[in-house]
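have a look; sequence and predicted model below, questions after that.
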Amino acid sequence: MDTIDSEFSCTVRITRESAIRVLHVDDDPSILEISKLMLIDMGSNLDIDNACCANEAFKKLSTINYDIVVSDYEMPKKMD
């Protein structure tokens, strides 16, 4: 659990349950890594999971509940 002191002089406790679950989908591994680092810098309450293709993303979406999906716009076609 992380503790963050806010400007309102109270302590906010961020637990894994209160984290925002993000699925990031991109077919370029370097973009996935750079984007993950940027997203972590933006907010410590982000729990980021990666998928390298549409098929992997659909598998993860079928078993895990995410709050948001961030996806590359130009991806290879989904394989059946």
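Received, thanks.

for the closest residue in space to Asp28 that isn't next to it in sequence, report the pLDDT, please.
Distance criterion C-beta to C-beta, 6 or more residues apart in numbering; nearest residue to Asp28, sequence neighbours excluded, is Asp72 at 7.4 Å. All C-beta spots, glycine's among them, are computed from the backbone N, C-alpha and C. In the prediction, the pLDDT value recorded for Asp72 is 89.

so which residues of this protein form strands?
2-5, 11-14, 20-25, 46-51, 68-71 (DSSP state E).

what is the mean pLDDT for the second one?
Read that as strand 11-14. On average, strand 11-14 scores 45.

over to stretch 18-36?
In the prediction, stretch 18-36 has an average pLDDT of 91.

what about it, how long is it end to end?
Start and end residues of stretch 18-36 are separated by 19 Å (C-alpha to C-alpha, to the nearest Å).

just the buried positions in that stretch, please.
Going by neighbour count (16 or more other C-beta atoms under 10 Å), the buried part of stretch 18-36 is 19, 22-26, 32, 35-36.
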